[in-house]
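Peer 1: Turn this into a structure:
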Amino acid sequence: MRRLLALLLATPALLAAQSINGPPAPLDAPLPTLTATPTRPFGTLREQAALQQRWLELRMERILPALMRRYGVSMWVVPMREYNEDPVFKVITSPVTFAARRRTIYVFFDRGAEGIERIALGGTSQGGVFKAVRSTKAVASPAAGSKNQDRTAELWGDDQWQVLKQVIIERNPKNIALNISRTFAFADGLTAGEYEGMREALGEPWVSRITRAEGLAVDFIASRLPEEEPYFREMNRVIWEIIDEAFSNRVITPGVTRTADVEWWMRQKLQDLGVGTWFAVSVEVQRQLAPGLPLVGPNPVILEGDVLHTDFGMSVLGLNTDTQHMGYVLKAGETTVPAGIQAALGASNRLQDFVMEETRPGRTGNEVLKAALGRMRAAGIDGTIYSHPIGAHGHGAGPLIGLWDYQDGVPGRGDHTVIPNMWFSVELQATSPVPEWGGQGVRSAQEEDMVVGADGKTRWSFGRQTTYHLVRPKGPPASDN
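Peer 2: Numbers count the residues shown, from 1 in each chain. Below is the predicted model:
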């Protein structure tokens, strides 16, 4: 790594004070920071967990109340069973919680001026974020001197529904929002079995108060904190740096290196840095179709004059990135990219501008798509837009801005609106005829992560590619003299 994460300098005393098993820190407390090293740029697992825990507390205090009131939700109930967790699970639980416990029911109740009451029926308090409630009952247990000695046992099965019913009766919510949706996977986490068990246990009048939490679930997952953005920016910077090295003569030897060699080098680089990914990296080749040049098949050998493309992402700190960049392998005697190939990248850059400028809060994804495509056609660009939210998930919660095969709009998922404080991957392609290749088209597919700020204005998380990564000819070996 050429530079360290200066913004993530260590504060050991602060980290020691941020216990993820203790009560939440005051909202005005400083955020924990990370120890940055060249081989561990995002700190230790313990440091990362402390930071994520703080973000969880801030999300609960800042984001959840406003969203519940915006959608008119009195009580939000999120039940799940171990290894069959709701998609909301990862944004409402501590980073050291990897699965639900048997049956866990998370309850959020709006107490008005007192704020949102948070209860975990089963499981733990998630570092003090929830009030943990565990039901108990007396059950027969054989013991010395007695065949029917009672003992107290925790209830994690169907009896949990009776505990939920008591919670509901005591609070008398106006409505009970559940994660049921035929449109959004992120808002459809309630399984059929859990729904049946809950309805059977609650009965009337509570069943009649059940409503759907579609918008609440989607926007809660989609909403990002300003405190997360510097780390997201650094994630993108590191991705750029890895791609720049991968698309260079330090990794690629034309005529020898295959695309799979580069893919595995990139994947190993992530592993070595102590981070993960949410999809398998891809490296692809476009080549001038001319006599004497081989056709591009699976896992081709990379040659001089090839146009390279990669799709690459990182996962760390509960966040994800998604980046597509272009590269070029210089031919002998070339010092720069041919003008026609550079122009292809310029066309996709213009398309990026259209999407960024048309994305703003209050607009649906389909409205953004229509406006951006209109500008694309007016500019004479042959392209496609298929952009998506990103954050807690790679293909994240929120409005889709097209799919590659849905350029007239995406029913349902494209009808959701953009909100402030969310992130997008601006993913698209523009295909341009290249004179140097006899008019053959070059597809410039780009993807950069974009922030929609609290003010509704858009900005690149780190930047956007405007010049190709270059694989230059290797110089002569160093002289011994």
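Peer 1: If I look at residue 249, what pLDDT would I see?
Peer 2: Looking at residue 249, its pLDDT is 96.
Peer 1: What of the one 10 residues further on?
Peer 2: Reported pLDDT at residue 259 in the predicted model: 97.
Peer 1: so it sits right up against residue 285, yeah?
Peer 2: Yes - using Cβ atoms under 8 Å, residue 259 is in contact with residue 285, at 6.2 Å. The way it works is simple: take the backbone N, C-alpha and C, and place the C-beta from them, glycine included.
Peer 1: Neighbour count for the two, which is higher?
Peer 2: When neighbours are counted by other Cβ atoms under 10 Å, residue 259 and residue 285 differ, and residue 259 comes out ahead with 22 against 19.
Peer 1: For the more buried one, give its distance to residue 299.
Peer 2: Per Cβ to Cβ, to the nearest Å, residue 259 is found 6 Å from residue 299.
Peer 1: ok, now residue 81?
Peer 2: In terms of Cβ to Cβ, residue 81 sits 42 Å off from residue 299.
Peer 1: So between those two, which is more surrounded?
Peer 2: Using other Cβ under 10 Å, the more surrounded residue of residue 81 and residue 299 is residue 81, with 19 against 12.
Peer 1: ok, that one - contacts?
Peer 2: 100, 102-104, 191, 194 (Cβ atoms under 8 Å, 6 or more residues apart in numbering).
Peer 1: let's see 10 Å
Peer 2: 99-104, 122, 156-157, 191, 193-194 (Cβ atoms under 10 Å, 6 or more residues apart in numbering).
Peer 1: Any of those residues buried? List them.
Peer 2: 100-101, 103-104, 122, 156, 194 (16 or more other Cβ atoms under 10 Å).
Peer 1: Looking at the residues you listed, which is nearest residue 244?
Peer 2: Nearest to residue 244 among the buried ones among the contacts of residue 81 is residue 100, at 41.1 Å by Cβ to Cβ.
Peer 1: That closest one contacts residue 88, correct?
Peer 2: No - Residue 100 is beyond contact range of residue 88, at 11.3 Å (criterion: Cβ atoms under 10 Å).
Peer 1: Pull out the buried positions in stretch 319-338.
Peer 2: Across stretch 319-338, burial judged by 16+ other Cβ under 10 Å covers 319-330, 337-338.
Peer 1: got the CA coordinates for that stretch in CSV?
Peer 2: Written as CSV, here are the backbone C-alpha positions of stretch 319-338 (Å, rounded to 0.1, in the frame of the first residue of the first chain):
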residue,chain,number,x,y,z
LEU,A,319,-20.0,-2.5,4.3
ASN,A,320,-19.5,-3.4,0.7
THR,A,321,-18.0,-1.7,-2.4
ASP,A,322,-18.6,-2.5,-6.1
THR,A,323,-16.2,-1.2,-8.8
GLN,A,324,-15.7,-1.8,-12.5
HIS,A,325,-12.6,-0.4,-14.2
MET,A,326,-11.0,-0.5,-17.7
GLY,A,327,-7.4,-1.3,-18.6
TYR,A,328,-5.3,-1.4,-21.7
VAL,A,329,-2.2,-3.4,-22.7
LEU,A,330,0.2,-1.2,-24.6
LYS,A,331,1.6,-2.5,-27.8
ALA,A,332,5.3,-2.2,-28.5
GLY,A,333,6.0,1.4,-29.4
GLU,A,334,2.8,2.7,-27.8
THR,A,335,3.0,5.2,-25.0
THR,A,336,-0.7,5.9,-24.5
VAL,A,337,-4.1,4.5,-25.3
PRO,A,338,-5.3,4.9,-28.9
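Peer 1: Now the longest helix anywhere in the chain: buried residues?
Peer 2: Longest helix in the chain by number of residues, with DSSP state H as the criterion: helix 339-358. Neighbour-count burial for helix 339-358 flags 340-349, 351-352, 354-356, 358 (criterion: 16+ other Cβ under 10 Å).
Peer 1: and the gap between residue 450 and residue 368?
Peer 2: Here the criterion is Cβ to Cβ. By it, residue 450 lies 12 Å from residue 368.
Peer 1: swap in residue 323?
Peer 2: Residue 323 sits at a distance of 20 Å from residue 368 (criterion: Cβ to Cβ).
Peer 1: Out of the buried ones among the contacts of residue 81, list just those in strands.
Peer 2: 103-104 (DSSP state E).
Peer 1: where do the strands sit along the stretch 101-250 of the chain?
Peer 2: Assigned by DSSP state E, counting those that start in this stretch, the strands in the stretch 101-250 of the chain fall at 103-110, 116-121, 131-133, 136-140, 150-154, 176-178, 210-212.
Peer 1: Of those strands, which shows the lowest average pLDDT?
Peer 2: Taking the mean pLDDT of the strands of the stretch 101-250 of the chain, strand 150-154 comes last: a mean of 39.
Peer 1: and residue 427, which of the three is it?
Peer 2: strand (DSSP: H, G, I helix; E, B strand; the rest coil).
Peer 1: close enough to count as contact, it and residue 383?
Peer 2: No - Residue 427 is not in contact with residue 383 according to Cβ under 10 Å; the separation is 11.4 Å.
Peer 1: quick one: which of the two has more around it?
Peer 2: Ranked by neighbour count (other Cβ under 10 Å), residue 427 and residue 383 place residue 427 first, with 26 against 23.
Peer 1: ok, which stretches of the stretch 151-300 of the chain are helices?
Peer 2: When assigned using DSSP state H, counting those that start in this stretch, the helices of the stretch 151-300 of the chain occupy the ranges 159-171, 192-202, 214-222, 229-246, 259-272.
Peer 1: what is the orientation angle of the longest one with helix 259-272?
Peer 2: Between the axis of helix 229-246 and that of helix 259-272 there is an angle of 140 degrees, by axes from the mean of the first three to the mean of the last three Cα atoms, to 10 degrees.
Peer 1: neighbours of the nearest residue to residue 59 once chain neighbours are set aside, just the number please.
Peer 2: Nearest non-adjacent residue to residue 59, counting by Cβ to Cβ, 6 or more residues apart in numbering: residue 225, 6.5 Å away. Neighbours of residue 225 under the rule other Cβ under 10 Å: 15.
Peer 1: Can you verify my assumption that residue 225 contacts residue 421?
Peer 2: Yes - the pair residue 225 and residue 421 passes the contact test of Cβ under 10 Å, sitting 7.4 Å apart.
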